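> I'd like to go over a predicted model; first the sequence, then the structure.
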Amino acid sequence: MKFEIPKPLQVEHEELHATLVEATKVPGAVGEAAREVARLLHPHFVAEEDFALPPLALLSELARGGVTPEMAEVLPMTRRLKAELPKMLAEHKQIVGALEKLRAAAHAAGRAEYEHFADALVLHAQTEEQVLYPAAILIGEHVARSLKEAVATH
């Protein structure tokens, strides 16, 4: 079974990445700060797109009530997310620290667009921590429990 990251999340990641790439090309302190954000963010985005966000593809289907045996394929991803959650949250702290430096550099340079970008990326990280990661973990727990119950009743 293929788990596509929900389109709104894909688009948001693409837009954030595009703005960050733009910011890395700005001369001076803004560009330097943006390059540090990019250095920290790239491996984190790769991990998210590998195992943290794809389980969310099942959310709508699960809300409608169905769990199928094919959904078990999500379990390695959700188990990995649960195991690596402390690392993911620690990476967020580093990224947010770098974003604060970017925000300050952008403010000093009069580049409000990159101040807003830094704020948006901090908010994105909070959404992941408070909503997306927990939802992905709960998806895995729900699928595992439902499939276990289905086996027990047959």
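In hand now; what should we look at?

> all helices in the chain, in order from the N-terminus.
7-24, 29-47, 59-63, 75-108, 112-127, 133-153 (DSSP state H).

> right, and these - which one's nearest Leu53?
Closest approach to Leu53 among the helices of the chain (C-beta to C-beta): helix 7-24, 5.7 Å. Every C-beta, even on glycine, is put in place using the N, C-alpha and C of the backbone.

> Counting neighbours, show which residues of that closest one come out buried.
Buried residues in helix 7-24, defined by neighbour count with 16 or more other C-beta atoms under 10 Å: Leu9, His13, Leu16, Thr19, Leu20, Ala23, Thr24.

> just stretch 74-83 next, same as before
Val74, Leu75, Met77, Thr78, Leu81.

> same question, stretch 130-150
For stretch 130-150, a neighbour-count test (16+ other C-beta under 10 Å) marks Leu132, Tyr133, Ala136, Ile137, Ile139, Gly140, His142, Val143, Ala144, Ser146, Leu147 as buried.

> any idea which of those is closest to Phe51?
Ala136 (8.5 Å).

> can you tell me how far the closest one sits from Val37?
Distance from Ala136 to Val37, counting by C-beta to C-beta, to the nearest Å: 24 Å.

> Could you do His44 as well?
When His44 is compared with Val37 (using C-beta to C-beta), they lie 10 Å apart.

> The two: who's more crowded?
Legend: neighbour count by other C-beta atoms under 10 Å for His44 and Val37, higher for Val37 (24 against 18).

> show me what contacts the closest residue to the more buried one other than its chain neighbours?
Of all residues not flanking Val37 in the chain, Ala98 sits nearest, at 4.6 Å (C-beta to C-beta, 6 or more residues apart in numbering). By C-beta atoms under 8 Å, 6 or more residues apart in numbering, the contact set of Ala98 is Ala33, Glu36, Val37, Leu40.

> Let me see the contact set for the nearest residue to Ile5 once chain neighbours are set aside.
Nearest in space to Ile5, with sequence neighbours left out and distances taken as C-beta to C-beta, 6+ apart, is Leu53 at 4.5 Å. Neighbour list for Leu53: Ile5, Pro6, Leu9, Leu132, Ala136 [criterion: C-beta under 8 Å, 6+ apart].

> same deal with Lys87?
Applying C-beta under 8 Å, 6+ apart to Lys87 gives no contacts.
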